[in-house]
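> Turn this into a structure:
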Amino acid sequence: MTFRGFDIERLGQLSTHLSELSGGAHDLHRELREVLREAGEHLDNEPATRDPALSSVLGWGGIGGLFSAYVSLPGSLAGSLERTAGEIDRRREQIDGCRDLADAGYRIPDRLLFADEDPPNAEDIEEALTALEGLDGQDFGSNGNRDELERIMSQLDGLTAVELDLFVAKVPPADLERYNDLLTDEETGFWSLITREQNGIPEDQRRDHLSGLLAAVDKRNLDKLVNAFPWVQPDFTSTDAYLMGENSQNGESANGMRWGVPTDPLFAPDGTGAFVSAADISQGRFGDCWYIASLTAITQTDPQFIQDGLRQNPNGTVDVRIWDEHGNLRWVTVTPELPMDENGNPMSAYGNGETWPAYYEKAFALMYGEDQGGAPDGYQDDPAFDRAERGTYGAIEWDFTEQAPPYLTGNESESIGDGFSDMRDAFNSGQPVIVATGTDGDDIPEEWGNSFSTRHVYYVKGFEDGKVILGNPWGDRYPPLEVTEEQYERYFNSAQALTVPK
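Numbering: from 1, shown residues only. So this is what the prediction gives:
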């Protein structure tokens, strides 16, 4: 019987056949070894073959027995064939379960078929739906609702990808919204000190929970989750860029900012085959040079580390590696939408025909937990601009050089003072280095042009003829600054040396 192009019966036959073949691999290995050994004896004990693959059948130094374990072909096929047979069998059972659900009226997305997971169970889906519905009007008693919410979280986290997607497709939006209200409401009652009342779920736990949901469901259900749990999407309407219609430092337009799904890929390897490059990064319209400069400096030093911090899921969501404000390593899942202008051009950080910097920035906007407001952007005390935020792009505009590195590396950065030689020594030791400018904009060297800005952060690209070359996170349209020691010590400060995990 077939289902969506899969012949379930023949898949079972293939699994059985591979399992049977695996049992003969050891016999074939022994027989081949005997042939090679006998041939060697007829050749006055010279090797019958010098082919590495065949020589390995004889074991070390051509000695059989103990030293000829089945670590090479054909003996090693025994394990490989058995593992493959087991995987096919699990996937066959998963398809069989999907077919049963489809017969019961469930809509199964094609991309979730043939997954190496347990077969879906309609009973598990219905139990999860009932549990969420049961939150309506429930009296949680004097000990709060946290234990009940933790039970439901565990129940949802235990669903397979197919079960979870079908659950999200079927659950009423009102039930999801009520679940969100309870998850995010950590308020405790007057008697909490006596009753030990605990409500809601701490932010780190609920974000991990939603990351799992976002990564697993089919893309047709992403909007339903975002609508029910709006905190998984960082708002941009409190940014200087949105409120002013431009980047507040370089004046680049940000009119018509909206959400949109980019058409560019996550990575676009350059001519050298590199997937990520510091030269690709452009800051975009938000005032987060202090973060983008750190991201660029690390990319220049260890591009593989940055590349390894991203995983794209089949539904378009992206898992991003980040350390939280307490130093805990996390993977946060962000949706594919990015801030764009009315013509579909990127407004957030971006790459050269690739999107990976934007998703790093988006995850940082969700996770940054140390914004205190009071940004020196000329709008102090204006409540539209000047307020402490969390989980928004506004939270990551305007902050200090030492704030971003721990979120990217898990390590505090090292303040190396304002001296030229200390900055050079740190860079020459292999560390990424970032530096800031102050408010002194007088007598700026003419050759720096519009690449220089006050209250900005740069990254060290290298040294040439005794000058430091500083890269601008605004991108390659702004040439690097060539800075003498005297100029550096006048215009630059707050240098930080970053430590990338090995």
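
> Geometric centre of this structure: which residue is closest?
V320 (1.6 Å; CA atoms, centre = their mean).

> Once you drop chain neighbours, what's closest to it?
Spatial nearest neighbour of V320, excluding adjacent residues (CB to CB, 6 or more residues apart in numbering): A363 at 3.6 Å. All C-beta atoms are positioned from the backbone trio N, CA, C, and that covers glycine.

> same deal with I306?
T299 (4.8 Å).

> For the residue nearest to the centre of the chain, what is the enclosing helix or strand?
For V320, the host element (DSSP states H and E) is strand 318-323.

> again with R91
Short version, using DSSP H and E: R91 is in helix 77-103.

> pLDDT of that helix, averaged?
Helix 77-103 shows a mean pLDDT of 91.

> Report the buried residues of the helix or strand just after it.
Using DSSP H and E, the helix or strand that follows helix 77-103 towards the C-terminus is helix 122-133. Buried residues in helix 122-133, counted by 16 or more other CB atoms under 10 Å: 124-125, 128-129, 131-132.

> again, but for stretch 16-30
Buried residues in stretch 16-30 (16+ other CB under 10 Å): 18-19, 22, 25, 29-30.

> Just send these back as TSV, with pLDDT too.
Below are these laid out as TSV (pLDDT from 0 to 100):
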residue	pLDDT
L18	91
S19	90
S22	87
A25	81
H29	82
R30	82
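
> Dump these into CSV; add distance to D218 and secondary structure as well.
Shown next, in CSV, are those (distance: CB to CB, whole Å; DSSP: H, G, I helix; E, B strand; the rest coil):
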residue, distance to D218, secondary structure
L18, 31, helix
S19, 33, helix
S22, 35, helix
A25, 40, helix
H29, 45, helix
R30, 49, helix
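
> Out of the residues you listed, flag the one nearest to M347.
L18 (51.9 Å; CB to CB).

> now for the helix or strand encompassing the residue nearest to I306, which elements pack on it?
Applying DSSP H and E as the criterion places T299 in helix 289-301. Counting contacts by 3 or more CB pairs under 8 Å, 6 or more residues apart in numbering; DSSP states H and E, helix 289-301 packs against helix 303-307, helix 356-367, helix 405-409, strand 433-437, strand 457-464.

> Which of the ones you listed sits closest to G158?
helix 356-367 (24.8 Å).

> mind checking the SS state of the residue lying closest to F229 once chain neighbours are set aside?
Closest residue to F229 apart from its sequence neighbours, by CB to CB, 6+ apart: N180 at 4.9 Å. Secondary structure, DSSP: H, G, I helix; E, B strand; the rest coil: N180 is helix.

> L481 and N250: what is the separation?
Per CB to CB, to the nearest Å, L481 is found 14 Å from N250.

> What of A358?
Distance from A358 to N250, by CB to CB: 18 Å.

> Same drill for these two, tell me which one is more crowded.
With neighbours defined as other CB atoms under 10 Å, A358 and N250 compare such that A358 has more, 26 against 18.

> Looks like that one contacts M347 (just checking).
No: with contacts counted by CB atoms under 8 Å, A358 stays clear of M347, the gap being 9.3 Å.

> Please identify every residue contacting each of those two.
Each of 284, 338 lies in contact with both A358 and M347 under the rule CB atoms under 8 Å, 6 or more residues apart in numbering.

> on that earlier part again, I figured the residue nearest to the centre of the chain hits W331, correct?
Yes: counting by CB under 8 Å, W331 is a contact partner of V320 at 6.9 Å.

> Pull the contacting residues for the residue nearest to Q431 when sequence neighbours are not counted.
The shortest distance from Q431 to any non-neighbouring residue, by CB to CB, 6+ apart, is to A497 (4.4 Å). Counting by CB under 8 Å, 6+ apart, A497 makes contact with 413-414, 416, 426-427, 429, 431-433.

> Select only the buried ones of these in PyMOL?
To isolate the buried ones among those in PyMOL, judged by 16+ other CB under 10 Å, type:
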select buried, resi 413+414+416+426+427+431+432+433
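
> Out of the contacts of A497, which one has the lowest pLDDT?
I416 (94).

> Distance check, that one against D280.
Distance, I416 to D280, using CB to CB: 27 Å.

> Tell me the first helix or strand C-terminal of the lowest-mean-pLDDT helix or strand in the chain.
Here the helix or strand of the chain ranked lowest by mean pLDDT, DSSP states H and E is helix 192-195, holding a mean of 57. Downstream of helix 192-195, the first helix or strand assigned by DSSP H and E is helix 203-216.

> Just want the angle from that next one to strand 318-323.
Computed with axes from the mean of the first three to the mean of the last three CA atoms, to 10 degrees, the direction of helix 203-216 lies at 160 degrees from that of strand 318-323.

> how distant is the helix or strand following helix 203-216 from the center of its chain?
Downstream of helix 203-216, the next assigned helix or strand under DSSP H and E is helix 222-228. Averaging C-alpha positions (CA atoms, centre = their mean, to the nearest Å) puts helix 222-228 19 Å from its chain's average.

> can you check stretch 35-49 too?
Stretch 35-49 sits 55 Å away from the centroid of its parent chain (CA atoms, centre = their mean).

> Start and end of that stretch, how far apart?
11 Å (CA to CA, to the nearest Å).

> before we move on, what about stretch 431-439?
For stretch 431-439, the end-to-end distance is 27 Å (CA to CA).

> I'd like to know how far the residue lying closest to R178 once chain neighbours are set aside sits from E123.
Spatially, and ignoring its direct neighbours in sequence, R178 is nearest to L135 (5.7 Å; CB to CB, 6+ apart). Taking CB to CB as the measure, L135 falls 20 Å from E123.

> Show me where this protein dips below the pLDDT cut-off.
Counting by pLDDT under 70, the chain has low-confidence residues at 53, 59-72, 141-143, 188-196, 373-386.

> domain ranges for it?
The record's domain parsing of the chain by automatic domain parsing lists 2-99, 121-230, 240-406, 409-497.

> Just say which of those is most tucked in.
For the domains of the chain, the largest average neighbour count (mean count of other CB atoms under 10 Å) is found in domain 240-406, namely a mean of 19.

> Am I right that A85 is in contact with S15?
Yes: under the criterion of CB under 8 Å, A85 makes contact with S15 at 4.6 Å.

> Identify the contacts common to the two.
The overlap between the contact sets of A85 and S15 (CB under 8 Å, 6+ apart) is empty.

> can you list the buried residues of helix 122-133 in JSON lines and add distance to G391?
Below are those laid out as JSON lines (distance: CB to CB, whole Å):
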{"residue": "D124", "distance to G391": "31"}
{"residue": "I125", "distance to G391": "30"}
{"residue": "A128", "distance to G391": "27"}
{"residue": "L129", "distance to G391": "28"}
{"residue": "A131", "distance to G391": "27"}
{"residue": "L132", "distance to G391": "24"}
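
> Among the residues you listed, find me the one that's closest to V232.
L132 (17.5 Å).

> Correct me if wrong: that closest one contacts L176.
Yes: the criterion here is CB under 8 Å, and L132 meets it with L176 at 7.4 Å.

> What distance do you get for the residue nearest to Y106 when sequence neighbours are not counted to L159?
Computed as CB to CB, 6+ apart, the closest residue to Y106 that is not its neighbour in sequence is L166, at 5.2 Å. According to CB to CB, L166 stands 9 Å off from L159.

> Now for the two: what residues contact both?
By CB under 8 Å, 6+ apart, the residues touching both L166 and L159 are I125.

> and the direction of the helix holding T299 versus that of strand 457-464, what angle?
Interaxial angle of helix 289-301 relative to strand 457-464 (the same axes, to 10 degrees): 40 degrees.

> C-alpha coordinates for stretch 490-497, CSV please?
Presented in CSV, the C-alpha positions along stretch 490-497 are these (Å, rounded to 0.1, in the frame of the first residue of the first chain):
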residue,chain,number,x,y,z
ARG,A,490,42.8,61.5,20.5
TYR,A,491,39.6,60.1,18.9
PHE,A,492,39.3,56.5,20.0
ASN,A,493,38.7,54.9,23.4
SER,A,494,37.1,51.9,25.2
ALA,A,495,39.0,49.2,23.3
GLN,A,496,37.9,45.7,24.1
ALA,A,497,39.7,42.4,23.3
